[in-house]
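Student: just to be clear, the model below is a prediction. Sequence and coordinates:
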Amino acid sequence: MHANKLLCSMLLLISTSLFAQSSTVSISFAELDDYVRTKSPTGKIITSNYDLAVLQGKSELQWSNPELEAEYESVENDFDADKESVISIGKNFAAPWARSLQRSAVKENVRASEYEMKSHHLDAVANAKIIYVDIQLAQQQIFAFEGFQEVIKNASNIANDRKNAGTISGLENQLIQMSLFNLGAQLLQLKREKRNMENDFRTSLGIADDQKLELTTDISFVAANLDQNEYYARAKKSPAFSRFQHLQTAKEKQVRLEKMRVLPGMRLSGGYKNVNNDFRGYTIGLSLPLPVLNLNKSKIQQKQVERNIISLEYDLYKSFVERNLEAKFVSAQELADFLRENDEQF
């Protein structure tokens, strides 16, 4: 009996330990990249959208099924009767040159989707890293504020004693109390902002409410030499830029494809024919569309408009990136100068 109780206690301790381990999510700054891409809901949605684009591309290139046709004809008059039956298989075939161009356009679209996935992953990782740093810095600031709050509380107690002793005026004591009040209000606001950031961080990474979040990397400030031209050159090699380039190529090929679809392909059929059970043979058919009533102009114009829209979006994106980088570099330089000037005091 004693041995059974000891065994149960050990199992209870082990299960409690395992539960405690599973209820804590520890994330370092270096692990964020992989965590966002493979475990977070955002990363899974981004990857699933790419998988969907690949499947859509395969769907566009699927062969159409052949069609089985059966026909029976019976004709008779007062003296004779003729019976005819035909069983055949027919299939629509795209023009080889159009098929090849369609395959190439689909490939470019899939490549654009791949770079779009990479770009969205980078954005998601960057946002997670920003929130990670903000949460850690907010915690440091809260710790500093709480220490500063204790200092002012001590000063407030001393001020109250001196005010009662008549060594300082009521106005000086009032100023100290106002400072303590303002600091307390800022501390509450900072704690509220930190909770909101943690909630956003948990939601974006898919961390449950009953799991404890532990950020294991301390954040420190380091000097950085910023070269705007270097960063802009790197930005132009980013997945977002590559996506636009492949989209432009795909749209150009789609315009050419629609122009070729004035003669989209042909229909080929063949089968077995039986006439009055006396004549048997084979039938072969070939049909081509005549571009008389429909020259596919509206579809060509639609693809041309789509191509022009992509070009405009690409130019707009390049301008946005360049100006956004410039603004960020100016802000970073201003903040760096400010910190450098006040470094010795704080």
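Tutor: Arrived safely.
Student: under the pLDDT cut-off, which ranges of this structure? List them.
Tutor: Counting by pLDDT under 70, the low-confidence segments of the chain come to 1-22, 78, 166-170, 346.
Student: what's the biggest helix in it, counting residues?
Tutor: What stands out as the longest helix in the chain, according to DSSP state H, is helix 96-165.
Student: and that one, what other elements does it pack with?
Tutor: In terms of contacts (3 or more Cβ pairs under 8 Å, 6 or more residues apart in numbering; DSSP states H and E), helix 96-165 is packed against helix 32-38, helix 41-60, helix 170-205, strand 212-215, helix 239-260. Heads up, the C-betas are built off the backbone N, CA and C, glycines and all.
Student: what's the angle from the lengthiest strand in the chain to helix 239-260?
Tutor: Identified as the longest strand of the chain according to DSSP state E is strand 81-94. Counting by axes from the mean of the first three to the mean of the last three Cα atoms, to 10 degrees, strand 81-94 lies at 140 degrees to helix 239-260.
Student: reformat the helices and strands packed on helix 96-165 as TSV; add mean neighbour count and distance to Phe338.
Tutor: Putting the helices and strands packed on helix 96-165 into TSV (neighbours: other Cβ atoms under 10 Å; distance: least, Cβ to Cβ, whole Å) gives the following:
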stretch	mean neighbour count	distance to Phe338
helix 32-38	18	28
helix 41-60	14	34
helix 170-205	14	20
strand 212-215	14	27
helix 239-260	19	31
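Student: turn these into TSV, columns for distance to Phe79.
Tutor: What follows is the helices and strands packed on helix 96-165, written out as TSV (distance: least, Cβ to Cβ, whole Å):
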stretch	distance to Phe79
helix 32-38	82
helix 41-60	57
helix 170-205	86
strand 212-215	96
helix 239-260	54
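Student: so which of these is nearest Tyr272?
Tutor: Across the helices and strands packed on helix 96-165, Tyr272 has its closest neighbour in helix 41-60 (33.5 Å, Cβ to Cβ).
Student: so the nearest residue to Ile284 once chain neighbours are set aside: helix, strand or coil?
Tutor: Counting by Cβ to Cβ, 6 or more residues apart in numbering, Gly270 is the residue found nearest to Ile284 once chain neighbours are left out, at 4.7 Å. Following DSSP: H, G, I helix; E, B strand; the rest coil, we place Gly270 in the strand state.
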